[in-house]
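Asks: With the input below, show me the fold.
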Amino acid sequence: GRVYDAAVREALIVLWEASDRVCGKRLRPLLPVLVEAMERHDHLQLAPEVRVGVLAMSAATIDRLLREVRTAAGGAPRRRTPPSAALRRSVPVRTFADWGDPAPGFFEADLVWHSGPTARGSYVQTLVLTDIASGWTECAPLLVREQVLVTEVLNEVRRVLPFPLLGFDTDNDTAFLNETVRDYCATAGVAFTRCRP
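Replies: Numbers count the residues shown, from 1 in each chain. Below you'll find the predicted structure:
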């Protein structure tokens with residue numbers, strides 16, 4: 001018999017959408033914090049038995065329960081060809097445990113896709129830079145996802161920052177992890193790191 005009913009599955013779908021559709025392995029450890037935050041801000045109200053069910057499920061169960069909705073949402077992964085091993089070796093990994101107490105100017109960066117339910121076609125993306133020390137956030141649009149455009153936008157953002165850009169920490173997205181951005185950071189004296197191996 002089924003352990004999780006339709007109410008638990010519907011709550012899981014809402015949480016999956018709120019987490020930007022991450023996989024079960026990444027969603028599982030996020031669920032307790034996400035449920036608490038969404039309830040605190042009145043974005044979600046779960047019956048006690050639904051809350052217990054959502055928080056008890058494994059990563060494999062999450063993926064199984066989301067399989068159908070993921071397929072209906074155009075479940076093709078949004079991955080591109082990974083950067084070369086030599087390039088990955090040239091950009092050091094810095095995790096949350098490595099930050100310590102940085103001075104203002106060390107930014108985490110990510111791209112937010114404004115593609116709706118499908119990644120096909122052209123759409124605007126937003127480069128979001130968040131300072132580790134102060135939380136200062138700058139957002140800049142990218143009309144196309146292209147490495148030279150990323151460096152041009154970084155030049156514009158550097159002009160408006162209240163402090164110098166000292167560090168640029170990204171994920172392994174090919175828009176960031178490439179020779180153009182790496183060389184730009186080296187020339188500008190900006191420490192370029194990535195958050196995942």
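Asks: what's the spacing between the helix or strand of the chain with the lowest mean pLDDT and its chain's center?
Replies: For the chain, the helix or strand with the lowest mean confidence is helix 85-90, at a mean of 73 (criterion: mean pLDDT, DSSP states H and E). Helix 85-90 sits 21 Å away from the centroid of its parent chain (CA atoms, centre = their mean, to the nearest Å).
Asks: cool, stretch 186-197 as well?
Replies: In terms of CA atoms, centre = their mean, the centre of stretch 186-197 is set 17 Å apart from its chain centre.
Asks: one step back: list the buried ones in the following helix or strand past the least confident helix or strand of the chain?
Replies: Per DSSP states H and E, the first helix or strand lying C-terminal to helix 85-90 is strand 106-113. Neighbour counts over strand 106-113 (16 or more other CB atoms under 10 Å) mark 106, 107, 108, 109, 110, 111 as buried. Yep, even glycine has a C-beta here, placed from its N, CA and C like the rest.
Asks: Quick check: the farthest pair among those residues?
Replies: Pairwise distances across these peak at 18.5 Å for 106 and 111 (criterion: CB to CB).
Asks: Select the longest helix from the chain.
Replies: Longest helix of the chain, by residue count under DSSP state H: helix 24-40.
Asks: That one: which residues count as buried?
Replies: Applying a neighbour-count criterion of 16+ other CB under 10 Å, one finds 24, 27, 28, 31, 34, 35, 38 buried in helix 24-40.
Asks: now that helix: mean pLDDT?
Replies: On average, the pLDDT along helix 24-40 is 90.
Asks: list the helices and strands that helix packs on?
Replies: The contact analysis (3 or more CB pairs under 8 Å, 6 or more residues apart in numbering; DSSP states H and E) places helix 24-40 against helix 6-18, helix 48-56, helix 59-72.
Asks: Can you name the residues bridging to the residue nearest to the spatial centre of the chain?
Replies: Computing the C-alpha centroid of the chain and ranking residues by CA atoms, centre = their mean puts residue 110 first, at 6.3 Å. Judged by DSSP bridges, the bridge partners of residue 110 are residue 128.
Asks: show me the contacts for it.
Replies: Neighbour list for residue 110: 127, 128, 170, 171, 173 [criterion: CB atoms under 8 Å, 6 or more residues apart in numbering].
Asks: What's the separation between residue 42 and residue 168?
Replies: Per CB to CB, to the nearest Å, residue 42 is found 36 Å from residue 168.
Asks: same check, this time on residue 114
Replies: Distance of residue 114 to residue 168, computed by CB to CB: 22 Å.
Asks: can I get the helices and strands packed on helix 24-40 in JSON lines with mean neighbour count?
Replies: Shown next, in JSON lines, are these (neighbours: other CB atoms under 10 Å):
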{"stretch": "helix 6-18", "mean neighbour count": "17"}
{"stretch": "helix 48-56", "mean neighbour count": "15"}
{"stretch": "helix 59-72", "mean neighbour count": "15"}
